[in-house]
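K.L.:
Sequence and computational prediction follow.
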Amino acid sequence: MKYQIPNIVDFDKFVFRIGELSRMTGVSSRQLRYWEQRDYISAITRDDQNKARVYDFYTFLQVSIIKKLLDEGYRLPAAVEKMSSIEKELSLSRKFFHAAFNGVEVVDGQVFLNLGYFDKAKTQILYGQYENGQASYEVRPANDD
DNA sequence: TTTCTAACA
DNA sequence: TGTTAGTA
């Protein structure tokens, strides 16, 4: 009764040119080129030197984070450094949730996230629920079909 | 139309 | 960083 999130979203296929990335993030194309020159960000490897830059989804995230930090008052070098640590935290979070998430189950009309076994003996399962912006948890026996 | 580099403001 | 020039 559980399912996996369909792996139909391939983020590697989300690619943007400089004008698009600029409009998406509010960072000027001039800034994007400058940041690349300073090695703060990088575009997908270009064959020719004079061809249009192509940015991937992860660069979009990086630029978005840097932009937010700049708006908060960080100066560019500091913003880049902090973005780097935020990026690592995000990566860890993604890996954690990917490993923890075991599908969705509906009980009595309520939707629960199966977050895997709660104990090493595998007799209990941790369920998470999201409601009104709040996360809550329940531990229930594993064989509660 | 968009992007590129280079250069000046 | 913004802008502009002259291209591809």
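P.N.:
Great, that's in hand.
K.L.:
And for the residue of chain A found nearest DNA strand B, the neighbour number?
P.N.:
Here chain A gets closest to DNA strand B at one residue, A:G19, 2.3 Å apart by Cβ to the nearest atom of the strand. Where you see a C-beta, it was placed from the backbone N, CA and C, and this is true even at glycine. Using other Cβ atoms under 10 Å, the number of residues around A:G19 comes to 12.
K.L.:
cool, the one 5 residues further on as well?
P.N.:
By other Cβ under 10 Å, 14 other residues sit near A:M24.
K.L.:
Touching the one helix or strand it maps to from outside, list them.
P.N.:
Under DSSP states H and E, the secondary-structure element containing A:M24 is helix A:18-25. Under the criterion Cβ atoms under 8 Å, 6 or more residues apart in numbering, residues A:16, A:27-29, A:32-33, A:52-53, A:55, A:59-60, A:63-64, A:67 lie in contact with helix A:18-25.
K.L.:
Now do the domain split for chain A, please.
P.N.:
A:11-98, A:101-141 (automatic domain parsing).
K.L.:
taking these together, which one is wrapped up most tightly?
P.N.:
Mean neighbour counts were taken over these using mean count of other Cβ atoms under 10 Å, and the top value, a mean of 14, falls to domain A:11-98.
K.L.:
So for the closest residue to A:L69 other than its chain neighbours, what's the pLDDT?
P.N.:
Residue nearest to A:L69 in three dimensions, not counting chain neighbours: A:A79, with 3.8 Å by Cβ to Cβ, 6 or more residues apart in numbering. Per-residue confidence for A:A79 comes out at a pLDDT of 97.
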